[in-house]
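In: Just a sequence and a predicted model for now, questions to come.
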Amino acid sequence: MPIDRSQVEHIAALARISLTEAEVEMFGRQLSDILDQFEVLQNLDTERVAPTAHVAGLDNVLREDEPSDSLDADQSLLNAPLRRGNFFQVRAVLDE
Amino acid sequence: MSELWQLSVAEASGLLGSGEISSVELTESVLERILEVDDRLSAYITVTADVAREQARAADLRIASGNAAPLTGVPMQIKDLLCTDGVPTTCASRMLAEYVPVYDATAVARLRGQDAVLLGKGNMDEFGMGSSTENSAFFPTKNPWDTGRVSGGSSGGSAAAVAAGAASFALGTDTGGSIRQPASFCGITGLKPTYGRVSRYGLVAYASSLDQIGPMARTAADCALILQSIAGHDPMDATSLPDPVPSYYDNLNGDISGLRIGIPDEYFGDGMDPGVRAAVESAIDELAGAGADIRRVSLPTTEYALACYYIIAPSECSANLARYDGVKYGFSHQGDGDMWQAMERTRQDGFGPEVKRRIMLGAFALSSGYYDAYYRKAQQVRTLIRQDFARVFEEVDAVAAPVSPVVAFPIGERADDPLRMYLVDIYTLPVNIAGLPAMSTPCGFSDGLPVGLQLIGPHLAEGNLLNIAHAYQQRTDWHRQRPPL
């Protein structure tokens, strides 16, 4: 299925990636080619086939809710691009 | 006398234990080998020589005290997708170029618990996405057999290092073939365990339902020793399996008489390099000579695996990589703009083209209006692929096939054509889709380049696969061939 420029821009917005003009062109072409390959799946009748949730059949893995140590603030913030006190510093989220 | 860097893990472990060599001597030998070859290979992103020397001294003390474990003092490389406490873990991405984890991945912690020695971090395709290590944001890893060719991927740095003697062994990861295919291209042995056999805690996530950590080494016996050291349940990974871990190494006996091995017609299709076909067919003859009962089997859903994989893996990728927002860790765009613009620029500049391609493919497959046609359909096809294998494993104990239809290709040959690159992995993808264990063992050469034999088993049949590979390696010397470096 062909992916046009507006679809590429829509997908990029969903993925929160800004693209250059050259990337919009390239990804449009490549994604179209790749999606064409996916058409082969339509040959398979999956009407009554349950989708796979887990390959080994594990489900509802639970544990006791016991408090334990975790990373402290300095460890947690060690790789923060911007830190203020014991917080991650971010750009304004709300309009003034 | 051969050099210490040439020793297998089992040989090194024996000599260390008996006191004939020290870990400091072994580690120095491998560090020198890295200096000698890595400017030609680029197998390492980070070399931790100081850490290695310190750990080697500690390992020697432990051996002297009589408390050695099998991997104590053995020098290893860790793929740069696995978190290492205090050592940069870049995932070969600009996004994490300066990221330093504050904890070890469980598999790494278990090896450190044995006092294995960390040499450094292996180059790879960015976040594990690729088949040639050309998608590393830093540099491609060259194949030790021909430095004009790729090492395979995504664990290419690990495969090249082990093949060249620049590590005694390595930990790689395999989401669609990323251990087996580079092992095949570089002429070493690699094992992708059953999904859940090895904890994924500390493995930077690409496609969580497919990712597994596994050993890359020069022999099947070495892989057995490493696997039993890293496998087993981990409370930090809810998908890790509770089943007890056998002593894979002690169970190796090289006896495969009467073992039923299936040969799937669909894995010998068009587009296969004739040299690969010849090498794999003669390997199958060798297995028959060892007493295996060879049978033809059919896996008719094989042709759907590529499409199934390239919907599921990118979908999980798009969700997993949403975490890179430039706020908590990693690269952060600091120019003008509001929060959303900063995030979009962070991701534009931080990710390479293949990562962006897969994020976008996944975002599309999961998006409103397309979810049923793509993602849900792929998960249904996944069920059919699993059923195919389950049916075959009622008839046979293992399946033998090529790892890849081709041998290592020239650097740049497929880099601009994603679909052509994806086709390199058509025989490894189905295994991840079904969560099965599989191995690659060297089985010959085509035009002077190594060919790998793939062995696939039912869930938790690692012991059987290791024993088949071990039996094969006892009868052949392909795994002993070393590149002329």
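Out: Looks like it arrived, so ask away.
In: Quick one, grab the pLDDT at the residue of chain B found nearest chain A.
Out: Residue of chain B nearest chain A, by C-beta to the nearest C-beta: residue B:435 (2.9 Å). Quick note: C-beta positions are derived from backbone N, CA and C, even for glycine. Each residue has a pLDDT score; the one for residue B:435 is 98.
In: now residue B:15
Out: pLDDT recorded at residue B:15 is 98.
In: Can you tell me the element the closest residue to it other than its chain neighbours falls in?
Out: In space, residue B:15 comes closest to residue B:21 once its chain neighbours are excluded; the distance is 4.6 Å by C-beta to C-beta, 6 or more residues apart in numbering or on different chains. With secondary structure defined by DSSP states H and E, residue B:21 is part of neither a helix nor a strand.
In: tell me what the lengthiest helix in chain A is packed against?
Out: Within chain A, and with DSSP state H defining each element, the longest helix by residue count is helix A:21-38. Packing partners of helix A:21-38 (3 or more C-beta pairs under 8 Å, 6 or more residues apart in numbering or on different chains; DSSP states H and E): helix A:5-14, helix B:305-320, helix B:353-365, helix B:418-422.
In: between these, which one is nearest to residue B:7?
Out: Of all the helices and strands packed on helix A:21-38, the one in closest proximity to residue B:7, counting by C-beta to C-beta, is helix B:418-422 (35.0 Å).
In: quick one: average pLDDT of that closest one?
Out: When pLDDT is averaged over helix B:418-422, the result is 92.
In: can you tell me if that helix touches chain A.
Out: Yes - residues of helix B:418-422 contacting chain A under C-beta under 8 Å from any C-beta of the partner chain: B:418, B:419.
In: ok, residues contacting the helix or strand following that helix?
Out: Using DSSP H and E, the next helix or strand after helix B:418-422 towards the C-terminus is helix B:429-434. When contacts are defined by C-beta atoms under 8 Å, 6 or more residues apart in numbering or on different chains, helix B:429-434 is touched by residues A:55, B:174-177, B:192, B:195, B:210, B:212, B:299, B:301-302, B:305-306, B:308-309, B:312, B:382, B:385-386, B:389, B:437-438, B:456.
In: now helix B:429-434, how far from the chain's geometric center?
Out: Between the mean C-alpha location of helix B:429-434 and the chain-wide mean there is a distance of 14 Å, by C-alpha atoms, centre = their mean, to the nearest Å.
In: With only the CA atoms kept, save that helix in CSV.
Out: Listed in CSV are the C-alpha atoms of helix B:429-434, where the atom choice follows Å, rounded to 0.1, in the frame of the first residue of the first chain:
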residue,chain,number,x,y,z
LEU,B,429,13.3,-14.8,12.3
PRO,B,430,10.8,-17.7,12.7
VAL,B,431,12.7,-19.0,15.8
ASN,B,432,12.2,-15.7,17.7
ILE,B,433,8.6,-15.5,16.6
ALA,B,434,8.0,-18.9,18.2
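In: closest point of chain A to chain B, which residue?
Out: Among residues of chain A, the one nearest chain B by C-beta to the nearest C-beta turns out to be residue A:55. It sits 2.9 Å away.
In: where are the low-confidence patches of chain A?
Out: A:96 (pLDDT under 70).
In: Burial check on residue 83, number of neighbours?
Out: You didn't say which chain, so I picked chain A. Number of residues near residue A:83 (other C-beta atoms under 10 Å in any protein chain shown) recorded here: 15.
In: Correction: the question concerned chain B.
Out: The burial count assigned to residue B:83 is 24, neighbours taken as other C-beta under 10 Å.
In: so it sits right up against residue B:105, yeah?
Out: Yes - under the contact definition of C-beta atoms under 8 Å, residue B:83 touches residue B:105, with a separation of 4.7 Å.
In: what residues are shared contacts of these two?
Out: Between them, residue B:83 and residue B:105 have B:202, B:203 as joint contacts when contacts are counted by C-beta under 8 Å, 6+ apart.
In: just the helices in the stretch 101-250 of chain B please.
Out: Counting by DSSP state H, counting those that start in this stretch, the stretch 101-250 of chain B has helices at residues B:106-113, B:156-164, B:180-186, B:220-230.
In: With distance to chain A, mean neighbour count and mean pLDDT added, can I get those in a markdown table?
Out: Below are those laid out as a markdown table (distance: least, C-beta to the nearest C-beta, whole Å; neighbours: other C-beta atoms under 10 Å in any protein chain shown; pLDDT from 0 to 100):
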| stretch | distance to chain A | mean neighbour count | mean pLDDT |
| --- | --- | --- | --- |
| helix B:106-113 | 15 | 22 | 98 |
| helix B:156-164 | 22 | 35 | 98 |
| helix B:180-186 | 17 | 35 | 98 |
| helix B:220-230 | 17 | 27 | 98 |
